[in-house]
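K.L.:
Can you look at this prediction? I've put the sequence above it.
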Amino acid sequence: MYIDTSIAVKLYFAESDSESCEMTARGTTLVSSRLLYCEFRSALFGKVFRGKLLAESGMRVWEAFELDVSSDKIRLVSLSDLLVQDAADLLRDLHPHVPLRTLDALHLATFLSVDSGPLFTKDVRMRQAATHLGLPLAD
């Protein structure tokens, strides 16, 4: 199952729909773009900055995430020039129907490049883009 950062955050932090996300992701190999590595750390620092997470707890969460990446519980797909071009093409193809952001386009291009099962995201624009493209979505 391909996850973006909106799901990864819910798998490591208690949020209102974290439990349902954990149920959906349970028992599957998770796949994402290498972007997740940076985006997840940014989300973690954002939670610390906003006082929703203590810095020490943030370090433990980061270590758990890194362990999941190193043990292939979460498989990260490297970015390439071809994926960047594919993302730019997606931006063109979806315009003006879906105002997709750059990093979301890179996630979608990565999803399209691998056989990972459905796309699991809570991001509204990503879901709109996936629906527009006829891609399978996890709920």
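P.N.:
Done, it's in.
K.L.:
neighbours of the closest residue to Ser32 other than its chain neighbours, just the number please.
P.N.:
When the adjacent residues along the chain are set aside, Ser32 lies closest to Ile3, with 5.2 Å between them (C-beta to C-beta, 6 or more residues apart in numbering). Heads up, the C-betas are built off the backbone N, CA and C, glycines and all. Burial of Ile3 is recorded as 28 neighbouring residues (other C-beta atoms under 10 Å).
K.L.:
Identify the residues contacting Ile3.
P.N.:
By C-beta atoms under 8 Å, 6 or more residues apart in numbering, the residues touching Ile3 are Leu11, Ala25, Leu30, Val31, Ser32, Leu36, Ile74, Phe120, Thr121.
K.L.:
From these, which land in helices?
P.N.:
Leu11, Ala25, Leu36 (DSSP state H).
K.L.:
what's the distance between the second one and Ser32?
P.N.:
In this structure, Ala25 and Ser32 are 11 Å apart, going by C-beta to C-beta, to the nearest Å.
K.L.:
So the two - more neighbours on which side?
P.N.:
Shown here are Ala25 and Ser32; by other C-beta under 10 Å, Ser32 has more neighbours (27 against 19).
K.L.:
pretty sure that one is in contact with His107, am I right?
P.N.:
Yes: with contacts counted by C-beta atoms under 8 Å, Ser32 reaches His107, the gap being 7.4 Å.
K.L.:
Show me whatever sits in contact with both of those two.
P.N.:
Overlap of the contact sets of Ser32 and His107 (by C-beta under 8 Å, 6+ apart) consists of Tyr2, Asp4.
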